[in-house]
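Student: Provided below are the primary sequence and the corresponding predicted coordinates.
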Amino acid sequence: MKGHTTVYRKNSSLIIAFLILVTTTLIVGLVVGYKLTAQNVENDFAAKKNNVVDKSVISPYNDFYRNKIFEINLYSGLLDSASAANYADSVFHDFKFVTKMVFYQVVVGSQDKGYVGKNSLGVSARSIYEYFPNKGKEIRLKNEDEINANDFRQMADKLNDYIARYDTLKGPGPDQQSVFYNTRPGKISFLNIPANADLKTYHDLQRAKHSASFYKQNMVTFYLDPYKLKIKNVHPELYNAITIRQVAYDPPDIDHTKIITDEVALPGAFSDYKLYFTSPKNYLNSEIYHRFLPIAGVLLLIYSVFMLIGWLIYRNLSVNLKMFKLQYDFINNFTHEFKTPVSVIKIAGSNLKGDNELTDRQRKHYGKILDEEADKLNELMNKLLSFTQLENKSITIKKDKIKIEHFVKGYIDTFKIKYPLFKLDYSIDKEAKFFYTDTVLLGSVFQNLIENAYKYSHLDKKELFIKITLEKRNIIFSFIDNGIGIPKSELSNIFRKFYRLENQYNQNGSVGLGLAFCKELVNFMDGDITVKSKVDMGSEFIVTLPYSN
């Protein structure tokens, strides 16, 4: 169906602009979303390294520092070599980063032997033991070098200083905990914390010049190896490799455009070391894609919604434009259909009322013209009225028993008289003799389909064959012509109201109600109508109705 471009048109540029705008917005959204996702992954690379440190270093180190070492206090200075060995085994079992333990059995109060600090409190090591993982213990004899070793001397000095400023009335100060710990890179020394009564006694002993009294303390130095730490990569999606390096480690040949690095200094006794994180940028791509896919999915969903809305608007506009064209064509064609008979009637009436006398033959001729044109107008009005009644279901079916062959032959004879050059024939199944139907409605279907077969056929091919068959509980009327045919693209449109095919046989116009009227009639009678057609080879209209005899 060709449109009237002077009446309506589709604004293709607006549609293209809409598609470009929505698609560009989608592309920009995808690019921005990807960049933000990549930036978010890199930010997480810098931020979530602390989670690895917490799980791999902070948590086990704090457990060792605050809990396991403090168990020495439970022995109140009475820890011996055997129980120290058992304690060492538990430490080595639970904390693999402890590689060596040195146990001191300390005596406080005797000034004649041992180390005497600047505040005159005697602190001596009666025996020293070394413990190693899976090696048991090694007893080492006491000598001046061992007693005066830095670890022992530093702890003795701290104890002396603390006792010197100890307030016997107020009791321990807030710094008591740190006094008995001595943390240095690679090792931690701990002296069990004396009870308040012992601290008062030490305070008194510090001021006494000589005393044979002595009190037992336990001191342990733990040697730690950071390389024995078990690194738990809790974010393998971010970190390709996590290694322990010295704080001063700085690799010179890293291309930071291809590899992302970061580091975190370790606490306490591991302070000379750091965790070093590395990941090639292409290693992070999988995580970027993993996070970006939901964003892309949401953007594509929004894009699809916009496209669907656009398509619905376009379809609505197209339907409205088609309806406008149909109405426009209907008005033009309907006007033409009325104008022709009205003009003929006008001319015939003018001749009849003219001053010239007319012969009887002329009067009969003009009368016949007036009668025929009035019938055309009446037929057109009746078709419109019937169509409206069918749509509103205001017609009642009146079924009568008809003889099928007689009914068909009547219409064939009528059209042979009307169109002498029209070749009409039929065939009927032997079983199909009688049929209950509404003769007026079925007659309208026959009249329209036979009229179309004649109208849309070449002069030398005006032929129609009507075939009536029975199939199960249905009777089938097939109207087979050798006409101009219908394009395949138009087969779904020809039964629409006011729809017209543009061809050389339809130049004088029609209101586009014939086939639509047939479909409404057949549907109203609980039947169906279909069509098969090939261009320049003819068409077959098949009417199927419920059969009862």
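Tutor: Okay, I see it.

Student: Now do the strands in the stretch 201-350 of the chain.
Tutor: Along the stretch 201-350 of the chain, counting by DSSP state E, counting those that start in this stretch, strands occupy 215-224, 241-246, 259-265, 273-280.

Student: typo on my end, it should be the stretch 401-549 of the chain
Tutor: 423-428, 434-437, 463-471, 474-481, 528-534, 538-546.

Student: Looking at those strands, which is nearest to Pro226?
Tutor: Nearest of the strands of the stretch 401-549 of the chain to Pro226, taken as CB to CB: strand 528-534 at 86.3 Å. For glycine as for every other residue, the C-beta is placed from the backbone atoms N, C-alpha and C.

Student: All the strands of the stretch 1-150 of the chain, residue numbers only.
Tutor: 98-108, 115-116, 122-131, 137-140.

Student: count of residues packed around the closest residue to Ser127 other than its chain neighbours?
Tutor: Sequence neighbours aside, Gln105 is the residue nearest to Ser127 in space, at 4.8 Å (criterion: CB to CB, 6 or more residues apart in numbering). By the criterion of other CB atoms under 10 Å, Gln105 has 21 neighbours.

Student: who's in contact with Gln105?
Tutor: The contact partners of Gln105, taken as CB atoms under 8 Å, 6 or more residues apart in numbering, are 79-81, 125-128, 216, 218.

Student: Which secondary structure element of the chain has the lowest mean pLDDT?
Tutor: Averaged element by element with mean pLDDT, DSSP states H and E, the chain has its least confident helix or strand at helix 144-147 (a mean of 54).

Student: next SSE after that helix?
Tutor: The helix or strand immediately downstream of helix 144-147 is helix 150-164, counting by DSSP states H and E.

Student: domains of this protein?
Tutor: Each domain of the chain is listed here as a residue range: 74-228, 396-546, per automatic domain parsing.

Student: thinking again about what came up before, return the set of residues that bridge with the residue nearest to Ser127.
Tutor: Ser127, Asn218 (DSSP bridges).

Student: separation between the nearest residue to Phe18 once chain neighbours are set aside and Ser548?
Tutor: Distances taken as CB to CB, 6+ apart put Gly310 closest to Phe18, at 5.7 Å, once the chain neighbours are dropped. The gap separating Gly310 from Ser548 is 51 Å, by CB to CB, to the nearest Å.

Student: the more surrounded of those two?
Tutor: Ranked by neighbour count (other CB under 10 Å), Gly310 and Ser548 place Gly310 first, with 15 against 12.

Student: pretty sure the more buried one contacts Val22?
Tutor: Yes. The pair formed by Gly310 and Val22 meets the contact definition of CB atoms under 8 Å, at 7.0 Å.

Student: Show me the helices in this protein, by range?
Tutor: Using DSSP state H, the helices found in the chain span residues 12-47, 49-53, 59-62, 81-94, 144-147, 150-164, 176-179, 196-207, 285-352, 360-391, 404-418, 439-455, 514-524.

Student: Can you name the residues that contact the closest residue to Ile369 other than its chain neighbours?
Tutor: Spatial nearest neighbour of Ile369, excluding adjacent residues (CB to CB, 6+ apart): Ala348 at 4.7 Å. By CB under 8 Å, 6+ apart, the contact list for Ala348 reads 366, 369-370, 373.

Student: separation between Gln217 and Ser533?
Tutor: 112 Å.

Student: Please apply the same query to Phe517.
Tutor: Remark: distance between Phe517 and Ser533 (CB to CB) = 19 Å.

Student: just Ser90 next, same as before
Tutor: To Ser533, Ser90 is 96 Å away according to CB to CB.

Student: With neighbour numbers in mind, choose between those two.
Tutor: Ranked by neighbour count (other CB under 10 Å), Ser90 and Ser533 place Ser533 first, with 19 against 11.

Student: Tell me the pLDDT of that one.
Tutor: pLDDT recorded at Ser533 is 91.

Student: which ones are touching it?
Tutor: Ser533 makes contact with 485-486, 488, 491, 539-540, according to CB under 8 Å, 6+ apart.

Student: List buried residues within those.
Tutor: For the contacts of Ser533, a neighbour count by 16 or more other CB atoms under 10 Å gives the buried set as 485-486, 539.

Student: nearest to Leu301, of those?
Tutor: Once CB to CB is applied, the member of the buried ones among the contacts of Ser533 that ends up nearest Leu301 is Ile486, at 41.7 Å.

Student: Report the separation between the nearest residue to that closest one once chain neighbours are set aside and Ser539.
Tutor: Nearest residue to Ile486, sequence neighbours excluded (CB to CB, 6+ apart): Ser533, at 4.1 Å. Applying CB to CB, the value for Ser533 to Ser539 is 4 Å.

Student: what's near enough to touch Asp528?
Tutor: Residues near Asp528 by CB under 8 Å, 6+ apart: 522, 543-544.

Student: can you pull up the bridge partners for it?
Tutor: Note on Asp528: beta-bridge partners by DSSP bridges are Thr544.

Student: hmm, back to that, and the contacts of Ala348 as JSON lines, adding neighbour count, distance to Tyr249 and pLDDT?
Tutor: Shown next, in JSON lines, are these (neighbours: other CB atoms under 10 Å; distance: CB to CB, whole Å; pLDDT from 0 to 100):
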{"residue": "Tyr366", "neighbour count": "19", "distance to Tyr249": "119", "pLDDT": "72"}
{"residue": "Ile369", "neighbour count": "18", "distance to Tyr249": "114", "pLDDT": "75"}
{"residue": "Leu370", "neighbour count": "16", "distance to Tyr249": "115", "pLDDT": "75"}
{"residue": "Glu373", "neighbour count": "19", "distance to Tyr249": "109", "pLDDT": "71"}
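
Student: Tell me which two in these are the farthest apart.
Tutor: By the measure CB to CB, Tyr366 and Glu373 form the most distant pair in the contacts of Ala348, at 10.7 Å.

Student: Wait, Leu199 touches Asp167, no?
Tutor: No. Assessed by CB under 8 Å, Leu199 is found out of contact with Asp167, at 9.9 Å.

Student: Quick one: residues contacting Phe270.
Tutor: Here Phe270 is in contact with 57, 61, 185, 224, 226, 229 (criterion: CB under 8 Å, 6+ apart).

Student: Not including adjacent chain positions, what is the nearest residue to the third one?
Tutor: Excluding its sequence neighbours, the residue lying closest to Pro185 (CB to CB, 6+ apart) is Asp272, at 4.4 Å.

Student: tell me the phi and psi of that neighbour?
Tutor: When read as degrees, to the nearest 10, the backbone of Asp272 gives phi -80, psi 0.

Student: who's in contact with it?
Tutor: Applying CB under 8 Å, 6+ apart, the residues near Asp272 are 185-186, 226, 246-247.

Student: and those residues, which two are the farthest apart?
Tutor: For the contacts of Asp272, the farthest-apart pair by CB to CB is Gly186 and Val247; their separation is 12.9 Å.

Student: tell me the contacts of Lys258?
Tutor: Lys258 neighbours (CB under 8 Å, 6+ apart): 280-282.

Student: what does Asn40 give?
Tutor: Per CB under 8 Å, 6+ apart, neighbours of Asn40: Arg291.

Student: where's it relative to Lys461, distance?
Tutor: Taking CB to CB, one finds Asn40 at 75 Å from Lys461.

Student: Go ahead and flag the most central residue of this structure.
Tutor: The C-alpha lying nearest the average C-alpha coordinate of the chain belongs to Gly297 (CA atoms, centre = their mean; 3.7 Å).

Student: State the distance from that residue to Ala348.
Tutor: Where Ala348 is concerned, Gly297 sits at a distance of 75 Å (CB to CB).

Student: Pretty sure Lys519 sits against Ile494.
Tutor: No. In this structure, Lys519 is not within contact of Ile494 by CB under 8 Å, at 9.2 Å.

Student: Great, nothing more from me.
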